[in-house]
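In: Model the structure of this input:
(2 chains)
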Amino acid sequence: MTDFFSVFGLQPRPVIDTAVLNDLFATRSKTAHPDHAVNADFVELNEAFRTLSDPVRRVGHLLALIGNANLAEKTSPEINRWFGPVATIVQKFDRALQPLARENRALIRAVKIEEMQSIVSELDEVSGYLSTEQERLLRELVDIDERWPTNMASVQPSLARIAADLRFIQKWLAQMGERRLRFEELL
Amino acid sequence: MTDIVGIDLGTTNSLIGIMDSGFPIILADKEGLRLTPSVVHYPASGEPVVGRTAARMRVIAPERTIFSVKRLMGRRPGETDKDTFPFSVAEAQGKVSISVGEKSTTPEEVSSLILRKLKTNAEQGLGRSVDRAVITVPAYFNDLQRQATKRAGEMAGFAVERIINEPTAAALAYGLDRLKDRSKIAVYDLGGGTFDISILELNEGVFRVLSTNGNTRLGGDDIDRELVRLLEERITARHPEIRNDLKTAALLAQLRELAHDAKLRLSEEPAVQIDIPFLPGNRRFGYLLARRELEALARPIIRRTRSHCLRSMDDAKLSPHDLDEVILVGGVTRMPLVRQFVAEIFQRLPNTSQNPDEAVAVGATIQAGILSGDIQSIVLLDVTPLSLGIETFGGLMNVIIPRNSTIPCKAGEMFTNAVANQKSMWIKVLQGERELAKDNWELGSFEIEFARVPKGVARVGVQFEIDANGILHVLARDTSTGRERVLDLTSAVDVSDETVEKMIAESLDHAFDDMAERVWTETAIKSNELLPAVKSALTLVGDQLTDRNREEIERLVSAVTEALESKDIQKLKAANAALDEGTQHLATLLIDRAMAEAEKRRAQRPPPTGSR
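Out: Numbers count the residues shown, from 1 in each chain, chains lettered A, B, ... in the order given. Here you go, the predicted structure:
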């Protein structure tokens, strides 16, 4: 498989400075984009950038490179306890939003929107907790990166767990963010 | 090397440009004008007329004069807003067509006539032929709309070298003399028929789009339409006896023209006089329209751009203070209300340095320069606006290429046979952001063929590729034989006729179940929803109403209560409608309150953190 780190001349590691990566992508694009070059492989450069930009994909790629893509990707108990609250608030939100989206009488809509405010606050609260968890995990990743290169066997399980946890948080935050925006669309 | 022209194929106006000694210039026609109205007139006999001459026919022969055809490009039956056009739009056999007299034409054909006109103008000005073009589309156009635009270009005799997104093109125009900059900008593009918002990162000549969002049926046309409605109301108020004579195509076209002009002038003046000297029955009508009135009508329309702006910032993982500039393009952004609104969303004064009518065409011309090799120092990295996926088991959408992926890009998916000796399998390709397959656009479907082997043994890899035009290509590769072939998407079979018939049949089935009783119950339910809503709204924002408004609402409430007791269905319906109408302002106050609260919460939230 292609080492996406080496596409940018980087060493494989858990954290890549976003600003550095952005600049590298910009510089490489000048010679690799099909508008300027016939044979260069922009699609691979693009894929490499997409992979390294996102912590979940980046760590997954790193694990695959060091030969352990098959590590069981189990989420941690800290994250497992969020499944319930996220599902509950998302369902509650959808139940309130659907009749609102269909309503075309201005006043009834306005009143329903007013009534939804508390559910929206609740959703924001859960998103807030998840963002805090996300920051904690990203800090943990930085800690591992600061000790890099390191004893692989000892950090692989942590990396796999962080990637799994982050993946769920990202998915939840995206689901909740999407609902938040659907609500704002109705305002 | 032959020239490549850059074309802005707009809803209202179109422009064409070319690189001249390293600079993009917009070409003028014989009369020295650079804007060509996107209007085509079909005379009763003879060839169609395009541009300014055609635009003058809008009032005289509205049913033979096609405008805003961009709103129909790549649309399917059921997506056309066909009732808003004075000409006849037909939807049959999965296709949209336009009828003029006995002649039937397509949106692509009409667009190709506009493009041909631009081509002729350019060729006359340059004294040589031009046959390669870059054509712009709204960033939020889907695959079908892009393909339709490309086909229109080809029908006009162009080799279409690139389909480029309008806000991205505008960003090129803005950034051309800022190639050393590193900055983040947003382009807010509100045109005649479409709205786009794009966020870009400029990095020493590399223009990378971070996110894009928009609405392909939101624009200045909508404001014109509201203004026409207002004028009709004012005319009927003064001359109630001609109420029924107002709905003629010619008069509506005249009103639309007057409304459009008034809207433009109100960007400069606080009030404008509108005069209609020839109303039916020799009546005349004069009205002093204040900017304030226009703004009251335009506000809800402009407000609809807000959620798109928020979405694009969320997707780019940026907050307003991360942006260095917000660039305005599109004619409607001349309205002071729009500028004020953009300033509120992005918490900064927008940059109005670009000519809102020309920036997109200038950008298309710059892209033409990049493709022809005239410009070496710029790279444009655009994104696909909508997620691409396939329908999976259970009618869900499985995303294969997420929205805002940098293009060109590829993604693969492996398919296997579900039972032994299965010959083939149909895959539906979808575009959109909804979770259920049926809520997204179906781009078409393709068939993959399997060898006759036991269950789970056949393997066919399918590659989805979005090219630099944002257009999809599908390639299938049988891993056992290594054979590759390009798959044609079979366009979605139109089921709408059938569905409609079925819906009609179903509604008829229930039509005669104790009709009267049901209608009464449904109407009464509506009243019983409205009454407590009014009460609660009055408690929350009632203090912001004038005494008169409040009394009026109370009167309407008692009318509904009385009608409920009377058991008179017609009376109750009328009372409900009157209360609904009479509480519009109250509803606006309540929504404003909700918006203010949402804004407060948004300000308290930490900025989006992230993975980018």
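In: need the strands for the stretch 51-200 of chain B, in chain order.
Out: Using DSSP state E, counting those that start in this stretch, the strands of the stretch 51-200 of chain B run over residues B:65-66, B:88-92, B:95-100, B:103-105, B:132-137, B:159-165, B:182-190, B:195-203.
In: which residues touch the closest residue to B:Gly10 other than its chain neighbours?
Out: In this structure, B:Gly10 finds its nearest non-sequential neighbour in B:Ser38, 5.7 Å apart by CB to CB, 6 or more residues apart in numbering or on different chains. Quick note: C-beta positions are derived from backbone N, CA and C, even for glycine. Contacts for B:Ser38 (CB atoms under 8 Å, 6 or more residues apart in numbering or on different chains) come out as B:Leu9, B:Gly10, B:Thr11, B:Thr12, B:Asn13, B:Ser14, B:Phe67, B:Ser68, B:Val69, B:Lys70, B:Ile114.
In: Tell me which helix or strand the most centrally placed residue in chain A sits in.
Out: Nearest to the geometric centre of chain A sits A:Gln170, at 3.8 Å (CA atoms, centre = their mean). Following DSSP states H and E, one finds A:Gln170 within helix A:152-186.
In: Output the contacting helices and strands for that helix.
Out: If contacts are counted by 3 or more CB pairs under 8 Å, 6 or more residues apart in numbering or on different chains; DSSP states H and E, helix A:152-186 sits against helix A:55-65, helix A:77-80, helix A:83-102, helix A:106-146, helix B:306-316.
In: Go through these and name the closest to A:Ala48.
Out: A:Ala48 sits nearest to helix A:55-65 of all the helices and strands packed on helix A:152-186, at 9.0 Å, using CB to CB.
In: tilt between the closest one and helix A:152-186?
Out: 150 degrees (axes from the mean of the first three to the mean of the last three CA atoms, to 10 degrees).
In: Contact distance from chain A - what residues of the stretch 301-450 of chain B qualify?
Out: B:303, B:306-307, B:310-311, B:314, B:370-371, B:376, B:379-381, B:405-406, B:408-410, B:433 (CB under 8 Å from any CB of the partner chain).
In: related to what we said a few turns ago, which of the helices and strands packed on helix A:152-186 has the highest mean neighbour count?
Out: Each of the helices and strands packed on helix A:152-186 was scored by mean neighbour count; the highest is helix B:306-316, a mean of 22, by mean count of other CB atoms under 10 Å in any protein chain shown.
In: Let me know the angle separating that helix from helix A:152-186.
Out: 170 degrees.
In: relative orientation of helix B:306-316 and strand B:195-203 in degrees?
Out: 30 degrees.
In: Settle this for me: B:Ala90 is touching B:Val100, isn't it.
Out: No - the criterion here is CB atoms under 8 Å, and B:Ala90 misses it with B:Val100 at 11.2 Å.
In: more neighbours, these two?
Out: B:Val100 (21 against 14; other CB atoms under 10 Å in any protein chain shown).
In: The residue nearest to the centre of chain A touches A:Val56, doesn't it?
Out: Yes - under the criterion of CB under 8 Å, A:Gln170 makes contact with A:Val56 at 6.4 Å.
In: Any idea how far whichever helix or strand B:Gln570 is part of is from the middle of the chain?
Out: Taking DSSP H and E as the definition, B:Gln570 sits inside helix B:569-582. Here the centre of helix B:569-582 is set off from its chain's centre by 34 Å, with CA atoms, centre = their mean, to the nearest Å.
In: That helix packs against which elements?
Out: helix B:515-541, helix B:547-566.
In: Please parse chain A into its domains.
Out: Chain A breaks down by automatic domain parsing into domains covering A:4-53, A:77-186.
In: ok, and does the shortest one reach over to chain B?
Out: To tie it back to what came earlier, the one meant is domain A:4-53. Yes - judged by CB under 8 Å from any CB, domain A:4-53 comes into contact with chain B through A:18, A:22-23, A:25-27, A:29-30, A:33-36, A:42-43, A:46-47, A:49-50, A:53.
In: Any of the residues you listed buried? List them.
Out: A:22, A:25-27, A:29-30, A:33, A:35-36, A:42-43, A:46-47, A:49-50, A:53 (16 or more other CB atoms under 10 Å in any protein chain shown).
In: who's in contact with the residue lying farthest from the centre of chain B?
Out: Residue distances from the centre of chain B (CA atoms, centre = their mean) peak at B:Pro454, which lies 48.6 Å from the mean C-alpha position. The contact partners of B:Pro454, taken as CB under 8 Å, 6+ apart, are B:Ala420.
In: That one and chain A, how far apart?
Out: Distance, B:Pro454 to chain A, by CB to the nearest CB, to the nearest Å: 26 Å.
In: That residue in helix, strand or coil?
Out: coil (DSSP: H, G, I helix; E, B strand; the rest coil).
In: Next: B:Phe446.
Out: Applying three-state DSSP: B:Phe446 is strand.
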